[in-house]
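J.: here is my input, please return the structure:
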Amino acid sequence: MKTQNLKLKTQNCEELEKQLEETANNWKRALADYQNLEKRTGEEKLNFAQFANSQLVLKLLPVLDSLDQLVKLDKFVKDEHLSLVNKQFRDILISEGLEKIEVLGKEFNPQEMECVEVVEGEEGKVMEETRTGYRLKGKILRAALVKVGKK
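T.: A predicted model of the protein is given here:
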């Protein structure tokens, strides 16, 4: 009888240990899932903020284009205030992660550029830029409009 009781107690103890181990594993998995969820949520918040910024910057690019054109005009070149405003505006956008896509003389890249005209020149090279293209934090925000050379 004592042996039987001892066996039952041992079995109960083993079952309880298995249940305890299973519960501990479940808690570990739940904790890992929660930590992964926290990490994903943080990344999604960051991506959302960057997307929101990109929409604002995209809306401001025509203003930057206009300022650049005004500075290039002969009658406004001597206007230091206009040049200063242009530089300040550009610096703000650069601080938000905006960068100009350099295209002149480079091979045509359809990922960064949009060909608006084919002109006589070196085959496949960008001969002229008609609208500046920009990246925001490494992603293409607006493709550059270019004229591409063809022999």
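J.: okay but residue 58 is in contact with residue 142, surely?
T.: Yes - using CB atoms under 8 Å, residue 58 is in contact with residue 142, at 6.7 Å. Any C-beta I mention is one placed from the backbone N, CA and C, and that applies to glycine too.
J.: so what's the residue count around residue 144?
T.: 24 (other CB atoms under 10 Å).
J.: same question, residue 5
T.: By the criterion of other CB under 10 Å, residue 5 has 9 neighbours.
J.: please, which helix or strand holds it?
T.: helix 2-72 (DSSP states H and E).
J.: could you tell me the angle between the very next helix or strand once past that helix and helix 2-72?
T.: Counting by DSSP H and E, the next helix or strand C-terminal to helix 2-72 is helix 80-95. In terms of direction (axes from the mean of the first three to the mean of the last three CA atoms, to 10 degrees), helix 80-95 departs from helix 2-72 by 160 degrees.
J.: what is helix 80-95 packed up against?
T.: Here helix 80-95 touches helix 2-72, going by 3 or more CB pairs under 8 Å, 6 or more residues apart in numbering; DSSP states H and E.
J.: check contacts around residue 136.
T.: Applying CB atoms under 8 Å, 6 or more residues apart in numbering to residue 136 gives the contacts 50, 53, 54, 57, 96, 97, 98, 99.
J.: ramachandran angles for it?
T.: Dihedral pair for residue 136: phi -120, psi 110, per degrees, to the nearest 10.
J.: any idea how many residues pack against the closest residue to residue 97 other than its chain neighbours?
T.: Spatially, and ignoring its direct neighbours in sequence, residue 97 is nearest to residue 137 (3.9 Å; CB to CB, 6 or more residues apart in numbering). Per other CB under 10 Å, the neighbour tally for residue 137 reads 13.
J.: got it, and the one 10 residues further on?
T.: Here the neighbour count serves as a burial measure; for residue 147 (other CB under 10 Å) it reads 17.
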